[in-house]
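A.B. asks: I'd like to go over a predicted model; first the sequence, then the structure.
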Amino acid sequence: MLKNVSLPSFRDELPADEHFELIEEANSRVDAFTRNRRDTIHNFVVSDFELVGAAIRWLVENRLACGESFLEWGSGFGVVTMLAAIEGMDAVGIEVEQDLIDQSRRLADDFDIDAEFVEGSFLPEDRSIIESIIHDFENVDIDSPSAYERLGKSIDEFDLIFAFPWPGEQQYFAAIFDQFAADGALLLTYDGRNQLRLQRRE
Ligand SMILES: C[S@@+](CC[C@H](N)C(=O)[O-])C[C@H]1O[C@@H](n2cnc3c(N)ncnc32)[C@H](O)[C@@H]1O
């Protein structure tokens, strides 16, 4: 079962000094990447990194997670994973698009950030018990092979998972999290309209 955990409003907060430069550079690389790429990656849009970064900083400062293991489901340009690493978490991003994995690794290297990026699907290998859920996805790749074997870790080994689901798909992310995450684990989601949601599995 998932329980909502209330979050403060981070609206008027300025980004932490440690986040600022990364976010500036990431936003300009995302713009250039989107402009110059011949084929659009349809499922790719980026979160409000300042807002999500402030929430992760607050979660770490207040020790809300049971441990330090962070995972981003569909990590895009990898920025949220990098912000979690800056906050001291052991951070991994899973992303299905190789070009985005390449961009993430390059950005992390340029900023000397210790974050790991694994190509593949954030969905588990055995999808039989979530078949009815995943067939409702319109903006998630449900065919690519799972990344967990390559990563050497499973969903229940992560203390905090972040995702930016497309509108109307948060409930499916929550259902998968509820099915596979560990007791006490946290799911943080951004909804594209400046709203964050935090849920704990109990
Ligand atoms: C809405 S974007 C969010 C990107 C990033 N998390 C952020 O907040 O800026 C969703 C990302 O999930 C990726 N994606 C879609 N289906 C996936 C899957 N099954 N496994 C891993 N990544 C997936 C897309 O390629 C896209 O980069």
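C.D. replies: Okay, I see it.
A.B. asks: Of all the residues in the helix or strand of the chain with the lowest mean pLDDT, which ones are buried?
C.D. replies: When each helix and strand of the chain is scored by mean pLDDT, DSSP states H and E, helix 131-134 comes last, with a mean of 91. For helix 131-134, the neighbour count (16 or more other CB atoms under 10 Å) marks 133, 134 as buried. C-betas here are computed from N, CA, C, even on glycine.
A.B. asks: Please pull up the helix or strand immediately following it.
C.D. replies: helix 148-151 (DSSP states H and E).
A.B. asks: tell me how far that following helix is from the chain's mean position?
C.D. replies: Relative to the centre of its chain, helix 148-151 is centred 16 Å away, using CA atoms, centre = their mean, to the nearest Å.
A.B. asks: Is there proximity between the least confident helix or strand of the chain and the ligand?
C.D. replies: No - Helix 131-134 stays clear of the ligand (CB under 6 Å from any ligand atom), getting no nearer than 8.8 Å.
A.B. asks: Kindly spell out which helices and strands sit in contact with that helix.
C.D. replies: Helix 131-134 sits against helix 170-180, with contacts defined as 3 or more CB pairs under 8 Å, 6 or more residues apart in numbering; DSSP states H and E.
A.B. asks: Name every strand pairing with the helix or strand just after the helix it packs on and say which way it goes.
C.D. replies: Following helix 170-180 in sequence order, the next helix or strand is strand 186-190 (DSSP H and E). Here strand 186-190 has these sheet partners by DSSP bridges: strand 160-163 (parallel), strand 196-201 (antiparallel).
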